[in-house]
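[1] let me see the structure of the following:
(2 chains)
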Amino acid sequence: GIQVEQSPPDLILQEGANSTLRCNFSDSVNNLQWFHQNPWGQLINLFYIPSGTKQNGRLSATTVATERYSLLYISSSQTTDSGVYFCAVSRRGGSQGNLIFGKGTKLSVKP
Amino acid sequence: DSGVTQTPKHLITATGQRVTLRCSPRSGDLSVYWYQQSLDQGLQFLIQYYNGEERAKGNILERFSAQQFPDLHSELNLSSLELGDSALYFCASSVQGDTQYFGPGTRLTVL
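    Numbering: from 1, shown residues only, chains lettered A, B, ... in the order given. Okay, the predicted model is just below:
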């Protein structure tokens, strides 16, 4: 099946710093989403981005489908950005709903 | 608030028992998905329903079953529970196979 690898596994930032999280996937996809899981366990949808670039406030994401990777940018990080960031994909030709998740990047933002 | 509701929030039960988790999708969403998050397996897709019909199956055990009712709410039934079934169970919904919105989850503890 499709493999999803996220890097780095852990990231510690000072408040105000910028960061880039990466997601590599092993096959063509028809769905790619970025999620933030907060310390209370809630999974919050950040972007639906199977290709192209999107921005939402301090967050932006880019997916280069032909090269099988996606990047999530966090600028001017805040302590509330702490948590685990997941990339999830579904394989082109398969069920678009069957999301395969990476292991996540655990982000800690220090005040 | 994603608009997806799940009940109960927490469930504590004993090995061998059976439980039912309930999910109400966002208004207008026809697809419902179930995922399991455990420490050792990460986030795994279990099953998808679309407008009452099973659409895709993932790593769902034979002891687990699900259904989607005419009002589009869904239930996940877990039987003959084992210690290893302790996990966070998420329901998600989408219009079709695009952006999935996750509910707050049900934390199941099997003692």
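[2] per-residue confidence at A:G1?
    The pLDDT attached to A:G1 in the predicted structure is 84.
[3] for the closest residue to it other than its chain neighbours, name its beta-bridge partners.
    With C-beta to C-beta, 6 or more residues apart in numbering or on different chains as the criterion, A:G1 has its nearest non-adjacent residue at 6.9 Å, and that residue is A:I100. For the C-beta atoms, the positions are set from N, CA and C on the backbone; glycine is no exception. Taking DSSP bridges as the rule, A:I100 bridges to A:V89.
[4] how many residues are close by A:I100?
    A:I100: 24 surrounding residues under other C-beta atoms under 10 Å in any protein chain shown.
[5] surely B:D85 touches B:T106?
    No: using C-beta atoms under 8 Å, B:D85 is not in contact with B:T106; the gap is 11.9 Å.
[6] how close does A:T62 get to B:R55?
    Per C-beta to C-beta, to the nearest Å, A:T62 is found 30 Å from B:R55.
[7] ok, those two, which is more surrounded?
    Of the pair A:T62 and B:R55, B:R55 is the one with more neighbours under other C-beta under 10 Å, namely 20 against 17.
[8] what strand or helix carries that one?
    strand B:53-57 (DSSP states H and E).
[9] how far does that strand sit from the chain's center?
    Relative to the centre of its chain, strand B:53-57 is centred 13 Å away, using C-alpha atoms, centre = their mean, to the nearest Å.
[10] alright, calling it a day.
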